[in-house]
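S.K.: below are the sequence and a predicted model; questions follow.
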Amino acid sequence: MNFVVKKGDLLEEKTILLVEDNQDDVILTKRALKKANILNKIVVCSDGIEALEYLRDEGEFSNKETQGYPEVILLDLKMPRMSGIEFLKEIRNDPKLRFIPVVILTSSKEEQDVIESYDMGANSYIRKPVDFDQFVAAIQTLGLYWLVLNIAPKGGT
């Protein structure tokens, strides 16, 4: 499921931004994406501050070639420096970033996290299943919906 969009004369691969501080979960998510045949470019940021810098072409990303915004952000909640909730609030208040779909992908089972995530503008909330096959199935469904079926406005006003 490697999806490419035509923009002008350039072919652009739809990018997934994974914001996750736990390297084991990064590896697990990448494995699940690959097993689900989702071969899109995956950009990994280890916390909300790094992800904001990536999205805004700042800090270590100030010299990156601008390729637009990711098609979807997979966001963990419990991270150092800036939590997922704080990150979500920040991008929902930014006119250039507010329309990027954000899927909370976390192991948190706290009802308050679910409520806060939706209050801050999350598009979906998925708990990471403990079973790898269930996780792959969830990732495959996520890929089908957010990378193929969903139509979202592009960033900016």
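M.R.: Nice, I can see it.
S.K.: make it CA atoms for all contacts and neighbour counts henceforth
M.R.: Noted.
S.K.: any stretches of this protein with poor pLDDT?
M.R.: Where the chain drops to pLDDT under 70, the residues are 1-12, 64-67, 129-130, 145-157.
S.K.: all helices for it, in order.
M.R.: Counting by DSSP state H, the chain has helices at residues 23-35, 48-55, 84-92, 111-119, 132-143.
S.K.: the first one packs against which elements?
M.R.: Okay, so that is helix 23-35. On a contact count with 3 or more C-alpha pairs under 8 Å, 6 or more residues apart in numbering; DSSP states H and E, helix 23-35 meets helix 132-143.
S.K.: alpha carbons of the helix it packs on, in PDB - could you do that?
M.R.: This file holds the C-alpha atoms of helix 132-143, laid out as PDB (Å, rounded to 0.1, in the frame of the first residue of the first chain):
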ATOM      1  CA  PHE A 132       1.500  -7.900  17.400                       C
ATOM      2  CA  ASP A 133      -1.000  -9.300  14.900                       C
ATOM      3  CA  GLN A 134      -3.800  -7.100  16.300                       C
ATOM      4  CA  PHE A 135      -1.400  -4.100  16.100                       C
ATOM      5  CA  VAL A 136      -0.700  -5.000  12.400                       C
ATOM      6  CA  ALA A 137      -4.400  -5.200  11.700                       C
ATOM      7  CA  ALA A 138      -5.000  -1.800  13.400                       C
ATOM      8  CA  ILE A 139      -2.200  -0.200  11.400                       C
ATOM      9  CA  GLN A 140      -3.500  -1.700   8.100                       C
ATOM     10  CA  THR A 141      -6.900  -0.300   8.800                       C
ATOM     11  CA  LEU A 142      -5.400   3.100   9.700                       C
ATOM     12  CA  GLY A 143      -3.300   3.100   6.500                       C
END
